[in-house]
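Q: Quick one: sequence plus predicted model below, questions after.
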Amino acid sequence: MQKKIESSRMIDFQTTGNRPPAEIVTGMYLGILSRFPTAAELQVAQDYAKTFGNGGRRQALVDLAWALMNSTEFLYRH
Amino acid sequence: MSEFYFDFQKQRPRISRREAIRRAMFAASGLVLANHLSFKAYAAPGAARAKAVIQIWMWGGPSHTDIFDPKPDAGYDYCGPLKAPIETNVSGIRIGELLPELAKLADKYSIIRSMTHGNFGHETASYLVQTGRQPGGRTVFPCVGSVVSLTKGYDAGYKGLIPPYVVLTEPQGRFDEAGFLGAKYKPFATGGNPAVTPFAVEGVVLPGFTAQRQKNRRELMHHLDTLAQALPEDPQVAAATQAENMAYDMILGDGAKVFDLSQEKQELRDRYGKSKFGQSCLVARRLVERGIPYVTINYGGWDTHKENFQAMRRQLPDMDKGFAALLQDLGERGLLDSTIVWWGGEFGRTPKVMWDAPWNGGRNHWGKVFSAVVAGGGFKGGQIVGSSDAKGEEVKDRPVYPVDLIGSIYAQMGIEATTKLPNPEGLPTFVLPQAADGIKSGGLLKEIMSA
């Protein structure tokens, strides 16, 4: 599971180019939960990514993908 | 005596003509489960001495004459270079020269030198030794670990987080431990290697992930769990939350702790040896300490067709160290009285060495006679049960069949011989074979069972 997330092409795609963080988080939400994030969620996700610094952006996204896939909403939707 | 051998509380059923003939035949051969009064007597509830079993499974079939049944007088063609067995701390008992640590503890264990079943195939013999049943029938029976999981596990009030039947580190393969009991009673296989830090237990420890990152992730998930926050009273959400809490107890709480060997003193870890087997023994002790009733250490590398003696010199020091440290550590913690340690494989090895290429001093499979060792949990130490002949090729006296050893373990665990198994075809099936199964028996190991 962890390996699959780490080698995810979606995360590759989101981190290519220099997209603004909000756009990346929105892309992840659309990809995993098929909806736009709320303003609060967008904030939480961006704050989380900040704790990793610039070099850790990918790791932060791996954690975000993991958190979304383990959410009750993911279970409910899929 | 009833048709169901172990069921003495019920009234005697009529004996059919077929059954009478069968019994007469068995009586003539003199080798069939005949006196189950003894099984019954020892399996009385409340008499349980043992709470747990640690099974050291010597996958491949360890060479009995190089390990616990040396035959120094049989000559070079039988002993090869290992011709000088060593004295133990019990006078009269000598074991293989590569086991100096176990030699100091012979008073803690008993050696059965007359194990026999006559089967020479890995899969069939593994089944036989661990189920007590003949292979090849239409029903696949569960092995001892799965029976313990059934009778001492979740169905019997066990509430531990760690499954009641654990195998370190890989399942046996080529052999379905649970048989018809199904997947629920299979062992939890840890994967990973306890000699490597961290011990990456499958589904419990994620290598490269600190506990802190796990905690951070969990927090992130909680912050983002908008649906759960919107539906605080929903029973399905509550169930998901409960599952999540259990999972975290496993990976960040007690579950992970039991597998975390860094909590042990370095001196003790060294005593067990740095090998995978040694550290597996230490994990096994930690599991038993937490109440897990059955742990198998699946210890491969004993199928020594080629260059047997090199393999013995390479592997036996690890086995010696780990096994001895386990016995000593269990003893020091007062756990040996309630823990059975069972050492053995599916068979022994050809006593006569094959010197020619490609074997180059190898030994083949040998099911006619081999050894097993039991310690603790109500089994006496310092005893020898039965013997093999001068060359270690045949049983000389007191044959011990797999069912005898298994029946004795069940007796010590307080698992009654009359305990029913849920047979998928609805047939009356018990944890031990019945008379009609025609299984050979030499009787319970009363000589080494504490009264």
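A: Perfect, thanks for sending it.
Q: Just checking, which helix or strand succeeds the longest helix seen in chain B along the chain?
A: Criterion DSSP state H: the longest helix present in chain B is helix B:308-332. Going down the chain from helix B:308-332, the next helix or strand is strand B:339-344, by DSSP states H and E.
Q: just for the chain, where's the confidence low?
A: No chain in the question, so chain A it is. Residue ranges of chain A with pLDDT under 70: none are present.
Q: Let me rephrase: I mean chain B.
A: For chain B, residues meeting the criterion pLDDT under 70 lie at B:1-47.
Q: OK, contacts around the closest residue to B:I406 other than its chain neighbours?
A: Among residues not flanking B:I406 along the chain, B:G132 sits closest, at 4.4 Å (Cβ to Cβ, 6 or more residues apart in numbering or on different chains). Heads up, the C-betas are built off the backbone N, CA and C, glycines and all. Shown in contact with B:G132 (Cβ atoms under 8 Å, 6 or more residues apart in numbering or on different chains): B:F141, B:Y401, B:P402, B:V403, B:I406, B:G407, B:L432, B:P433, B:I439.
Q: Quick check: A:F36 vs B:G278, distance?
A: 55 Å (Cβ to Cβ, to the nearest Å).
Q: which of the two has more neighbours?
A: B:G278 (25 against 12; other Cβ atoms under 10 Å in any protein chain shown).
Q: check contacts around B:T339.
A: B:A50, B:K51, B:A52, B:V53, B:I54, B:V288, B:L330, B:G376, B:G377.
Q: let me fix that: B:A284
A: B:I54, B:L168, B:V295, B:I297, B:L326.
Q: cutoff 10 Å now
A: With contact set as Cβ atoms under 10 Å, 6 or more residues apart in numbering or on different chains, B:A284 has these partners: B:52-56, B:166, B:168, B:194, B:292, B:295-297, B:322, B:326, B:330, B:339, B:341.
Q: Looking at the contacts of B:T339, which one is closest to A:M69?
A: Taking Cβ to Cβ as the measure, A:M69 lies nearest B:V288 of these, at 36.1 Å.
Q: coming back round to it: output the contacting helices and strands for the longest helix of chain B.
A: Packed against helix B:308-332 by the contact rule (3 or more Cβ pairs under 10 Å, 6 or more residues apart in numbering or on different chains; DSSP states H and E) you find strand B:52-58, helix B:100-103, strand B:109-115, helix B:266-272, helix B:276-289, strand B:294-299, strand B:339-344, strand B:370-375.
Q: Against chain B, how distant is A:K4?
A: 13 Å (Cβ to the nearest Cβ, to the nearest Å).
Q: Chain A: helices as residue ranges?
A: A:2-6, A:9-15, A:21-33, A:39-50, A:57-69, A:72-77.
Q: Just give the closest residue to B:L326, not the sequence neighbours.
A: According to Cβ to Cβ, 6+ apart, the nearest residue to B:L326 is B:C281 (4.1 Å).
Q: Please name the residues that touch that neighbour.
A: B:54, B:56, B:168, B:194, B:272-273, B:275, B:295, B:297, B:299, B:318-319, B:321-327, B:329-330, B:341.
Q: again, only this time at 6 Å
A: B:Y272, B:G322, B:L326 (Cβ atoms under 6 Å, 6 or more residues apart in numbering or on different chains).
Q: who wins for proximity to B:G208 among the helices of chain A?
A: helix A:2-6 (8.9 Å).
Q: my guess is B:G179 contacts B:C143, does it?
A: No - the pair B:G179 / B:C143 is not scored as a contact, 7.2 Å apart, by Cβ atoms under 6 Å.
Q: which ones are touching the one residue sitting closest to the centre of chain B?
A: By Cα atoms, centre = their mean, chain B has its centre lying nearest to B:Q55, at 2.6 Å. B:Q55 sits next to B:T296, B:W342 when contact means Cβ under 6 Å, 6+ apart.
Q: returning to what we had before: what about the contacts of B:G132, which are in helices?
A: Counting by DSSP H, the part of these found in helices is B:P402, B:V403, B:I406, B:G407.
Q: hang on, B:Y248 is in a helix, isn't it?
A: Yes - assessed by DSSP: H, G, I helix; E, B strand; the rest coil, B:Y248 belongs to a helix.
Q: ok, so what distance separates it from chain A?
A: Where chain A is concerned, B:Y248 sits at a distance of 11 Å (Cβ to the nearest Cβ).
Q: still on that earlier bit, show me which of B:G179 and B:C143 is the more surrounded one.
A: B:C143 (31 against 21).
Q: B:E177 is in contact with that one, correct?
A: Yes - the criterion here is Cβ under 6 Å, and B:C143 meets it with B:E177 at 5.0 Å.
Q: show me what contacts whatever residue of the stretch 301-450 of chain B ends up closest to chain A?
A: Taking Cβ to the nearest Cβ as the measure, the stretch 301-450 of chain B has B:G301 as its residue closest to chain A, at 29.1 Å. B:G301 makes contact with B:Q315, according to Cβ under 6 Å, 6+ apart.
Q: element containing it, please.
A: Assigned by DSSP H and E, B:G301 falls outside every helix and strand.
Q: Phi first, then psi, for it.
A: phi 100, psi 10 (degrees, to the nearest 10).
Q: Likewise for the one 3 residues further on?
A: Note on B:T304: backbone dihedrals following degrees, to the nearest 10 are phi -90, psi 60.
Q: Against B:K368, how distant is the residue nearest to it when sequence neighbours are not counted?
A: Spatial nearest neighbour of B:T304, chain neighbours left out: B:A311 (4.5 Å); criterion: Cβ to Cβ, 6+ apart. As judged by Cβ to Cβ, B:A311 and B:K368 stand 21 Å apart.
Q: One more: B:G136?
A: Using Cβ to Cβ, which is the criterion applied here, B:G136 is 19 Å from B:K368.
Q: Do I have it right that B:A189 meets B:P171?
A: Yes - here B:A189 reaches B:P171: they are 4.8 Å apart, a contact under Cβ under 6 Å.
Q: overlap in contacts of the two?
A: With Cβ under 6 Å, 6+ apart, B:A189 and B:P171 have no common neighbours.
Q: Looking at these two now, which is surrounded by more residues?
A: B:A189 (19 against 16).
Q: which ones are touching that one?
A: Applying Cβ under 6 Å, 6+ apart, the residues contacting B:A189 are B:V167, B:E170, B:P171.
Q: Next, give phi and psi for the last one.
A: Comment: the main-chain dihedrals of B:P171 come out as phi -60, psi 170, following degrees, to the nearest 10.
Q: any idea how far chain A is from it?
A: Taking Cβ to the nearest Cβ, one finds B:P171 at 21 Å from chain A.
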